[in-house]
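Peer 1: Build me a model:
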Amino acid sequence: MSAPTVPGTAATTRTALTAAARRRGAAAVTGWMRRGALVAGVWFWGFYAVYAVALILGNVLAGNDLETSALDVTLGAQRWAVVWIGVVAATALLPVHVAAGGDRRSLAAGVVRGALLVGGAYGVLVVLALLGERLLSTSLGMTWSRLGALPFDEPLAVLGTAVAEALVVTTYILVGASVGAGFMRARAWGTLLMIPLLVPAALVDLATRTGVVGTVANVELRPDLDHAVVLAADGLDTTLLGVGGAALAALLAAAALHALLRTAPVRPR
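Peer 2: Numbering: from 1, shown residues only. As a prediction, this is how the structure comes out:
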């Protein structure tokens, strides 16, 4: 005869099993995002390396002074290389995740963790790319500066740039996932959520002075449109404000994702 089950013990066991299942589900989603970012990263950063070196050497041979970072000229293209990961995570992975026994909570947790991991890796890669550009340009006798952006002249500023760029990519992935979740809820009508969901993306651009929005917002006409410039930022306050604003944008994007995924159907309505 088996021993009687203690209600409290059974409830505790169920809670532990549920928590373990959610952790496994979140880890699986994070792993998929990591692999997807690796593939996208190999293509993007491989292409960028060829592009940047060719652009710098081409200007040297032509006797020109490039002056501006090759990466900044692309207006933050690295964020667009991975934003699709968030869209796919909320659309293609949701049915598979739920069918495998996962829930929306673990999916959202996995997407957020994956976005943070991918963002962190891309933040480091952006800084390495900028440092490599600066070294190559200055060694060839050219001047080098960023197109707006945060300060990049001291070790602390470089660290701040790495954190800010990590939060930029994190925010864009989460925004992509939110857009995907909106589509799952209401199909074409759900894509109208792109308008308010672009607020975190615009905020992170403005805070870091990068991307299309950040660059346009910091243009100065000297003295007219033909002589427009985007001045570089300086000072520790600017770095702290940029990192703080980027963190706020990432939090807003994560909150939007949790709210949309909580009631998203497995199949688009």
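Peer 1: what's the distance between stretch 113-126 and the middle of its chain?
Peer 2: On the basis of Cα atoms, centre = their mean, to the nearest Å, stretch 113-126 sits 7 Å off its chain's mean C-alpha point.
Peer 1: Need the mean per-residue confidence for that stretch.
Peer 2: The pLDDT scores in stretch 113-126 average 95.
Peer 1: Where does the prediction get shaky in the stretch 101-250 of the chain?
Peer 2: Within the stretch 101-250 of the chain, the ranges that satisfy pLDDT under 70 run 188-191, 220-232.
Peer 1: what ranges do the helices span in it?
Peer 2: Using DSSP state H, counting those that start in this stretch, the helices of the stretch 101-250 of the chain run over 104-139, 155-190, 194-208, 211-217, 236-261.
Peer 1: Reformat those as CSV; add mean neighbour count and distance to residue 42.
Peer 2: Using the backbone N, CA and C atoms, a C-beta is placed for each residue, glycine as well. Below are the helices of the stretch 101-250 of the chain laid out as CSV (neighbours: other Cβ atoms under 10 Å; distance: least, Cβ to Cβ, whole Å):
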stretch, mean neighbour count, distance to residue 42
helix 104-139, 20, 11
helix 155-190, 23, 16
helix 194-208, 20, 25
helix 211-217, 18, 23
helix 236-261, 20, 25
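Peer 1: now those in a markdown table, with distance to residue 78?
Peer 2: Output for the helices of the stretch 101-250 of the chain, formatted as a markdown table (distance: least, Cβ to Cβ, whole Å):
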| stretch | distance to residue 78 |
| --- | --- |
| helix 104-139 | 6 |
| helix 155-190 | 7 |
| helix 194-208 | 12 |
| helix 211-217 | 10 |
| helix 236-261 | 14 |
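Peer 1: For residue 98, find the nearest of those.
Peer 2: When the helices of the stretch 101-250 of the chain are ranked by proximity to residue 98, the top entry is helix 104-139, at 7.5 Å, counting by Cβ to Cβ.
Peer 1: Packing partners of that closest one?
Peer 2: helix 7-61, helix 70-73, helix 77-80, helix 83-91, helix 93-99, strand 144-145, helix 155-190, helix 236-261 (3 or more Cβ pairs under 8 Å, 6 or more residues apart in numbering; DSSP states H and E).
Peer 1: ok, and what's touching the shortest one?
Peer 2: Right, the one you point to is strand 144-145. 66-69, 133-134, 137-138, 232 (Cβ atoms under 8 Å, 6 or more residues apart in numbering).
Peer 1: rerun at 10 Å
Peer 2: Applying Cβ atoms under 10 Å, 6 or more residues apart in numbering, the contact partners of strand 144-145 are 56, 65-70, 72, 130, 133-138, 152-153, 231-232.
Peer 1: so which of the helices of the stretch 101-250 of the chain gets nearest residue 52?
Peer 2: Checked against Cβ to Cβ, the stretch from the helices of the stretch 101-250 of the chain lying closest is helix 104-139, at 5.9 Å.
Peer 1: buried set for stretch 65-84?
Peer 2: For stretch 65-84, a neighbour-count test (16 or more other Cβ atoms under 10 Å) marks 66, 68-72, 75-76, 78-83 as buried.
Peer 1: Let me have the residues you listed in JSON lines, extended by distance to residue 171 and pLDDT.
Peer 2: Shown next, in JSON lines, are the buried residues of stretch 65-84 (distance: Cβ to Cβ, whole Å; pLDDT from 0 to 100):
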{"residue": "66", "distance to residue 171": "29", "pLDDT": "81"}
{"residue": "68", "distance to residue 171": "24", "pLDDT": "83"}
{"residue": "69", "distance to residue 171": "21", "pLDDT": "88"}
{"residue": "70", "distance to residue 171": "23", "pLDDT": "87"}
{"residue": "71", "distance to residue 171": "18", "pLDDT": "88"}
{"residue": "72", "distance to residue 171": "18", "pLDDT": "85"}
{"residue": "75", "distance to residue 171": "16", "pLDDT": "79"}
{"residue": "76", "distance to residue 171": "11", "pLDDT": "85"}
{"residue": "78", "distance to residue 171": "13", "pLDDT": "88"}
{"residue": "79", "distance to residue 171": "8", "pLDDT": "90"}
{"residue": "80", "distance to residue 171": "13", "pLDDT": "88"}
{"residue": "81", "distance to residue 171": "14", "pLDDT": "87"}
{"residue": "82", "distance to residue 171": "11", "pLDDT": "88"}
{"residue": "83", "distance to residue 171": "10", "pLDDT": "90"}
